[in-house]
Every structure is written in structure tokens, then in C-alpha cells.
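S.K.: have a look at this prediction, sequence included:
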Amino acid sequence: MKSIKVKKPGGLDKLSFEDIDPRKPGINEIQVEIKASSLNFHDYLVAVGLLPVDEGRIPLSDGAGIVSEVGAGVESFSKGDKVLGYFFPNWEDGSASMEKMSGIPGDNVDGFASQIVTMSASAFGPMPGNLDFLPASTLPCAGLTAWRAMMVEAHLRPGDWVLTQGTGGVSIFAIQFARMMGCKVVATSSSQEKLDRLKTLGVDEVINYREHSDWGDVVNELTGGKGANLVVEVGGSGTIAQSVRAVSVGGIISMIGVLTGFAGDVPLAELFQKNARIVGITVGSKKDQKDMIAAVEANDLNPVMDKTFNLENLADAFKLQESQRHFGKIGVQIK
């Protein structure tokens with residue numbers, strides 16, 4: 001079978017497309033033919049060596065496929081079942097902990113950049129019945145991150161305002177979930193073309209942040225002085241000050257990404273005057289994923305996808321991600 005492996009010290013030119021032998025499933029394990037994956041920022045950090053992993057690690061945390069063989073003791077799956085991986089296979093429910101957030105595919109253990117994988121049956125859950133493999137593969141990381149930010153941590157209500165940044169996977173999912181539950185959305189981007197596309201997704205208001213460096217004030221104007229009940233913060237140090245300006249009194253800033261930097265100043269006085277909270281969001285639990293999938297099925301939600309690459313062209317897929325020209329998720333077809 002074909003797999004991609006990461007070679008130290010990392011770099012897109014170090015991704016190795018190799019033949020390896022599949023492993024038979026042991027007790028409580030299943031073997032899965034992986035049909036699709038999708039890219040996340042976490043995967044990019046692994047690929048370029050900014051997130052150190054073992055030599056020869058198979059990357060990619062997202063995976064969707066078909067069970068091809070079942071090991072002894074497995075009762076939850078049968079051959080032919082369509083399955084979806086978990087980003088945190090050890091996090092069943094409840095609050096996060098270091099133990100629960102271990103075992104990440106493509107990081108702590110081998111991931112899904114492979115035609116066949118053999119893992120514990122507990123590393124998989126069912127695929128949503130309304131989606132094919134490619135769109136389903138976008139859910140375990142980006143989809144679940146947006147879901148937890150909105151449905152688990154923020155407890156939004158219809159009519160609340162949500163602010164999203166850019167057009168990456170998490171931001172687009174946040175828009176889709178917000179519209180699904182009757183919230184209003186303000187979205188930012190530096191591209192007028194992307195802003196126009198965001199409007200077609202049902203976004204109520206858009207802001208070009210290159211034209212409005214004070215976009216936090218603009219958000220307050222657009223929401224009638226109320227501000228955003230939830231800010232889906234993916235920028236980090238370069239955007240957090242404006243996010244604090246944009247958030248409503250009693251609102252939440254879900255800290256999801258650090259695309260503009262890992263450290264920076266936070267306007268603390270304004271934050272506590274608003275009684276607002278900054279909440280770190282790192283994907284979610286298996287229970288959260290099951291709830292999200294139920295909502296995806298009930299609302300026939302279809303993830304927004306950009307370009308799809310074959311597995312052997314994974315480096316090119318990462319280059320598109322690196323360019324930040326994509327809109328939604330970048331898919332990986334695995335044959």
C-alpha cells in the first residue's frame with residue numbers, strides 16, 4: 001500500500017511517498033481502507049517540522065474510509081462500515097485533560113496519509129449518512145473545533161452575532177453552524193472576491209480588514225453597538241486586540257488559531273470591563289463529534305471544499321494551504 005511519511009528535519013520537500021505493508025488488526029483493532037482526508041493547520045506544522053514528530057511518522061489527523069477487516073473482540077464495527085476518525089481518540093466526554101488529548105493521529109501516532117490503516121476500533125466513529133468520504137473527512141478537526149466553540153462553550157441563541165475571521169475551514173464551518181441555528185454573522189477577509197463568496201453563504205455583514213484596520217469598531221457599528229456574542233479567533237497576536245474591541249459585553253472569544261503569531265499583548269482592561277472571556281479551543285470530544293454529526297445529518301449540511309489533491313501530491317496540497325488562497329477545506333483523495 002502507499003503512504004506518505006515525514007522525514008526529519010521536516011519540510012514539504014521531505015515528504016516521502018512510500019510502499020509499506022499493511023498490518024493485520026489485533027485484539028480490539030480494525031483495519032480501514034482510507035478513502036479521503038483533509039488538511040488542517042496542525043498537519044502543516046507536522047509536515048514542515050514546526051511540530052516535531054518521530055522519524056517516518058505518517059501525517060494527517062483526518063480520515064474517512066471503509067472497514068476492511070475486524071480484529072477479535074470488536075463489536076462496534078463490521079466489515080463494510082463507513083467510519084470517520086477521531087482527532088482525540090482518548091477523549092470520550094467532559095472537560096479537556098492532557099491524558100484525553102493524547103494519541104492524535106498524524107502526531108502522537110501514525111495518521112491517515114495512507115491507503116490502509118490499522119488502529120484501535122475506539123479511534124473511529126460512524127460517518128454522517130448524508131456525506132461522501134471527502135466532505136466527511138473535513139469534520140473531525142475543523143468542523144468539530146467550530147462546533148465546540150459555538151455549541152459547547154458559547155451556548156449561542158438565535159439572533160446572536162458571530163464574528164469569523166478569514167475563509168479557512170474552521171471559519172467557514174462556524175458560518176455554516178451559525179446560520180443553521182439562526183445566528184447573524186460578520187466575517188472578515190482581505191480579499192473582495194472572498195468577501196463576495198462569503199455573502200453567498202448567508203453572511204450578513206463583511207469587512208475588508210485591509211481597508212479597515214479598526215475592524216473591531218466596525219463590528220460594533222454593524223451590530224448596533226452590541227458587538228459579537230462570539231468571536232471565532234484564528235489570527236492570534238495580530239488580531240486579538242481588535243477581537244476584544246469587537247466582542248460584546250459578556251461575550252466569548254474562542255481562541256482557535258495563531259496564524260499571525262504565538263504571543264502578543266491583550267487589552268486586559270477592556271476585556272474585564274466587558275466581562276468577556278477568552279476560551280482556548282482545541283477540537284473536542286467524541287461526544288461532541290457525535291452531536292455534531294447528528295446536526296450535520298439533520299440539517300443536510302455540506303462542508304465547503306476548495307481543491308482536492310491525490311495522496312502522492314500532498315506537498316502541493318500543503319503549498320496551497322500555505323498560500324492562504326483557499327476557501328474552505330483542502331481535500332486529499334486516497335485511492
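M.R.: It's in. Numbering: from 1, shown residues only.
S.K.: quick check: buried residues in the helix or strand where residue 36 lies?
M.R.: Secondary-structure element containing residue 36, defined by DSSP states H and E: strand 29-38. Buried residues in strand 29-38, defined by neighbour count with 16 or more other CB atoms under 10 Å: 29, 30, 31, 32, 33, 34, 35, 36, 37, 38. C-betas here are computed from N, CA, C, even on glycine.
S.K.: reformat the residues you listed as a markdown table; add pLDDT.
M.R.: Supplementary listing: the buried residues of strand 29-38 in a markdown table, determined by pLDDT from 0 to 100:
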| residue | pLDDT |
| --- | --- |
| 29 | 98 |
| 30 | 98 |
| 31 | 98 |
| 32 | 98 |
| 33 | 98 |
| 34 | 98 |
| 35 | 98 |
| 36 | 98 |
| 37 | 98 |
| 38 | 98 |
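S.K.: the strand holding residue 36 packs against which elements?
M.R.: Packing partners of strand 29-38 (3 or more CB pairs under 8 Å, 6 or more residues apart in numbering; DSSP states H and E): strand 64-70, strand 116-120, helix 133-136, strand 329-333.
S.K.: quick one: strands adjacent to the last one?
M.R.: Sheet partners assigned to strand 329-333 using DSSP bridges are listed as strand 29-38 (antiparallel), strand 305-310 (parallel).
S.K.: what's the answer for the longest one, then?
M.R.: For strand 64-70, the paired strands and their directions (DSSP bridges) are strand 29-38 (antiparallel), strand 82-85 (antiparallel).
S.K.: for it, the distance to its chain's centre please.
M.R.: 23 Å (CA atoms, centre = their mean, to the nearest Å).
S.K.: what does that strand contact?
M.R.: Around strand 64-70, the neighbours that count as contacts under CB atoms under 8 Å, 6 or more residues apart in numbering are 24-25, 30-37, 77-85, 116-117, 121, 127, 133-134, 136-137, 334.
S.K.: and it with strand 116-120, angle?
M.R.: 70 degrees (axes from the mean of the first three to the mean of the last three CA atoms, to 10 degrees).
S.K.: buried residues in stretch 317-335?
M.R.: For stretch 317-335, by 16+ other CB under 10 Å, it's 317, 318, 321, 326, 327, 328, 329, 330, 331, 332, 334.
S.K.: for stretch 287-301, same thing?
M.R.: Neighbour-count burial for stretch 287-301 [16+ other CB under 10 Å]: 288, 289, 291, 292, 293, 296, 301.
S.K.: quick one: contacts for the first one?
M.R.: Contacts here follow CB under 8 Å, 6+ apart; on that basis residue 288 touches 144, 147, 148, 151, 152.
S.K.: which one of those sits closest to residue 9?
M.R.: residue 144 (30.5 Å; CB to CB).
S.K.: so what touches the helix or strand harbouring that closest one?
M.R.: When elements are assigned from DSSP H and E, residue 144 belongs to helix 144-147. The contact list for helix 144-147, computed with CB under 8 Å, 6+ apart, reads 87, 170-171, 173-174, 177, 232, 256, 281-284, 288-289, 291-292, 295.
S.K.: show me where the stretch 151-300 of the chain has helices.
M.R.: In the stretch 151-300 of the chain, the helices defined using DSSP state H, counting those that start in this stretch lie at 169-180, 192-200, 215-222, 240-246, 268-273, 286-299.
S.K.: lowest average pLDDT across these?
M.R.: When these are ranked by mean pLDDT, helix 268-273 comes last with a mean of 88.
S.K.: send the alpha carbons of that one over as PDB?
M.R.: Extracted in PDB, the C-alpha atoms of helix 268-273 (Å, rounded to 0.1, in the frame of the first residue of the first chain):
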ATOM      1  CA  LEU A 268      -6.900  43.400  29.600                       C
ATOM      2  CA  ALA A 269      -8.700  46.500  30.900                       C
ATOM      3  CA  GLU A 270     -11.200  46.400  28.000                       C
ATOM      4  CA  LEU A 271     -11.600  42.600  28.400                       C
ATOM      5  CA  PHE A 272     -12.600  42.700  32.000                       C
ATOM      6  CA  GLN A 273     -14.700  45.900  31.600                       C
END
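S.K.: turn the contacts of residue 288 into JSON lines, including pLDDT and neighbour count.
M.R.: Shown next, in JSON lines, are the contacts of residue 288 (pLDDT from 0 to 100; neighbours: other CB atoms under 10 Å):
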{"residue": "144", "pLDDT": "98", "neighbour count": "26"}
{"residue": "147", "pLDDT": "97", "neighbour count": "26"}
{"residue": "148", "pLDDT": "96", "neighbour count": "24"}
{"residue": "151", "pLDDT": "94", "neighbour count": "17"}
{"residue": "152", "pLDDT": "93", "neighbour count": "17"}
